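A.B. asks: fold the following for me, if possible:
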Amino acid sequence: MQFVMIVLFAGSLWETDTLGEFRQGEFKNVSLTARPEIRLAPELTSLTETKQLLALCLCADSSGNQYVGTGSDGRVLPVEPGEAKPLLSLESGQVLCLASDKVGNVFAGTSPSGMIYRISGGKSEEFFATQQQYVWSLAFDDDGALYAGTGDSGLVFKITGKDRGTVFYDAPEPHIMTMTWQGALYAGSSGHGLVYRIKGKDAQVLYETGLQEVKGLVVEPDGVVYAAANPDGDNTGTDNRPQVFRILPDGNGSSLFKSEDSMIFALARQGKRLLVATGSKARLYEVNADTAAADFGVASILHESSEGQVLALLVLAKNSGSVILSTGNSGKVYRLEGHFAKEGVFESRALNTEAISHWGRSFWTADVPLGTGLAVMTRTGNSDKPDDTWSPWEALRGDQIASRPARYIQYSVKLSTADNARTPALSRLTIAYAQTNLAPVIKSLLVKPSEEAGRKADRVASWETSDPNDDSLSVSVYVRGEDEHGWVEVEKDKTGITKYTLDSERLPDGWYLVKLVASDQPGHPLGSALSSEKTSARFLADNTPPKISDLAVARVAAGPSADRAGKYRLTFTARDELSLLSKCEVSTNLKDWQTLAPESGIFDAQAESFSVELSLKPGENVVVIRAQDQFGNTGTAKKTVAVE
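C.D. replies: Reported below is the predicted structural model:
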């Protein structure tokens, strides 16, 4: 027991057991649940490779057939294995959105021509020309009318047949990015990030997100709206991040989810959860939308794709809510299966231990059912981003970390299963480490006269210390005469102090030195502490007052204007054996002190000469001189002068 206590006292523990800590890692076929737990992700099955850079949009027809629209060459492809034949192929441009009517026709909104195409029976035709640059979104109402959200004039068209359409709503925003129908037309804009509810000729702003664009909408049967919105390019700050808002039918809303990624590309609902597709890390988040649940609004990471972005989501109503997703960089289509992947890896962030560290044990809390496995590996390096200078991944030796000492450490957890209905689940992982102990640093050590009134002869030693390991420090203070060899300890193993006052009365006149020893003993076991020491510049202890000599008072020859008392010349020398003089004063007959200046004009020597003219009254006069050195020691002398 004693040994264990010493190890914990000297070391540190890095624990990963929160959503925030886990989210900083990378996910390869693993999910992060709201509990939080790292589990195997649902298996991701590749359905189609479009051979395009961007697979921008998805839809399914009334028979459950799926379609994907692409950028670059503006293609619409059936989602099927192998090399699919395009149903629509533009010479240039992009297919920005897809929608299907009740009889299985597929409609494609394009850019830059703003043309809407209809695909039926494997053939495509021009259906409606919007005369706009972009057709961003398409949606059908309950009666089969097609609505098209466009840019860059913010027009919404209602289309009832081939080449038959009118402007349904002219929005003050430049782009209508997303639309859906739920008893009314709901639309999201780019410009000021507005959510519109349009019913007949009545159009109103239901909610202003405060961000730049609304990218996705989900509307529940009871009128509750979920809106995914993105900020402008400068998405710094907590409130200027991609977010999903929950908006009540009366227009009151609040932020439900804030993404750590650069952009939200798509929003969908599957049962009582929202699916949020993002960019930069190509993550698919799962947000609990069940208001009765304890983790309502908490986001899990369902999957992280190896592609650059997840651009579109499709939840299939005819296939038990299966999820289809499409990606960018490169344009592919995947299906999220209802069973777990065979294996996956979670890689933590790289921990900066702030100094070269040695590694202890790694231990964790996990549920590992029969037929599943969990293995931990580590690697280390001295740069903040892992590169080829880092050590290779190494398995633990038992529970001992085998990686070499370094400043940074990263761990990976490999999860596996032989039964795709079961998964291991990691809820906590701990790494024990101890920094290589570095000696404390004494940044400064100064000895100055005391500023306390009446104690100017005292000396105050002050210092500034630090420790590279942020250890608590204790200090010891020593004093010796300049010509002596042994140090006298005046303060021992004190913590939390930054100065020490030396009582002048205990220091005979002479030159002295102060030594400071700083130790990290409070933070280390016996025998493992380190210390540093620093010696001050020499300083003077002077407790002896100046002496006044050669004191004389002589009458000055009276001139025409001399009064009866006459004038007298006072001369004397003040001298201090060790330090400079700092002040000299004279008082006659117990009157106020008058400051005197030396003949040299400045106090800059241990001995100064004075010559001053006095006015003395007839009779006996008492003249008192007082001289002070730079340490406040004061010497006096008196002269009685009889004036006739």
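
A.B. asks: hey, where'd the strands end up in the stretch 401-550 of the chain?
C.D. replies: 406-417, 425-435, 441-449, 459-466, 474-481, 488-495, 499-502, 510-519, 531-535, 539-541, 547-556 (DSSP state E, counting those that start in this stretch).

A.B. asks: which elements pack onto the shortest one?
C.D. replies: What that stands for is strand 539-541. Counting by 3 or more CB pairs under 8 Å, 6 or more residues apart in numbering; DSSP states H and E, the packing neighbours recorded for strand 539-541 are strand 510-519. For the C-beta atoms, the positions are set from N, CA and C on the backbone; glycine is no exception.

A.B. asks: does anything pack onto the strand it packs on? Which helices or strands?
C.D. replies: Going by 3+ CB pairs under 8 Å, 6+ apart, strand 510-519 lies up against strand 441-449, strand 459-466, strand 474-481, strand 531-535, strand 539-541.

A.B. asks: need the ones you listed in a markdown table (columns: distance to Thr378, mean pLDDT and mean neighbour count).
C.D. replies: Below are the helices and strands packed on strand 510-519 laid out as a markdown table (distance: least, CB to CB, whole Å; pLDDT from 0 to 100; neighbours: other CB atoms under 10 Å):
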| stretch | distance to Thr378 | mean pLDDT | mean neighbour count |
| --- | --- | --- | --- |
| strand 441-449 | 31 | 95 | 15 |
| strand 459-466 | 30 | 95 | 17 |
| strand 474-481 | 35 | 96 | 20 |
| strand 531-535 | 33 | 96 | 16 |
| strand 539-541 | 53 | 91 | 19 |
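
A.B. asks: Throw these into a markdown table and include distance to Val333, thanks.
C.D. replies: A markdown table is the format used below for these (distance: least, CB to CB, whole Å):
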| stretch | distance to Val333 |
| --- | --- |
| strand 441-449 | 59 |
| strand 459-466 | 57 |
| strand 474-481 | 66 |
| strand 531-535 | 64 |
| strand 539-541 | 81 |
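
A.B. asks: just so I know, which of the ones you listed lies nearest Pro86?
C.D. replies: The closest of these to Pro86 is strand 459-466. By CB to CB, the value is 67.1 Å.

A.B. asks: in its sheet, what does the closest one sit against?
C.D. replies: With DSSP bridges as the test, strand 459-466 is paired with strand 441-449 (antiparallel), strand 499-502 (antiparallel).

A.B. asks: contacts for it?
C.D. replies: By CB atoms under 8 Å, 6 or more residues apart in numbering, the list of residues contacting strand 459-466 from outside reads 440-451, 473, 475, 477, 498-502, 504, 507, 512, 514, 516, 518, 534, 536, 539, 541.

A.B. asks: got a list of what Leu47 touches?
C.D. replies: By CB under 8 Å, 6+ apart, the contact list for Leu47 reads 66, 79-81, 324, 333-335.

A.B. asks: which element is it on?
C.D. replies: strand 42-49 (DSSP states H and E).

A.B. asks: quick one: mean pLDDT for that strand?
C.D. replies: Computed over strand 42-49, the mean pLDDT rounds to 94.

A.B. asks: okay, that strand in PDB with CA atoms only?
C.D. replies: Extracted C-alpha coordinates of strand 42-49, given in PDB (Å, rounded to 0.1, in the frame of the first residue of the first chain):
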ATOM      1  CA  PRO A  42     -22.700   0.400 -37.600                       C
ATOM      2  CA  GLU A  43     -21.100  -1.200 -40.600                       C
ATOM      3  CA  LEU A  44     -20.800   1.200 -43.600                       C
ATOM      4  CA  THR A  45     -21.500  -0.500 -46.900                       C
ATOM      5  CA  SER A  46     -20.300   1.100 -50.100                       C
ATOM      6  CA  LEU A  47     -23.200   1.300 -52.600                       C
ATOM      7  CA  THR A  48     -21.900   3.500 -55.500                       C
ATOM      8  CA  GLU A  49     -18.800   5.200 -56.500                       C
END
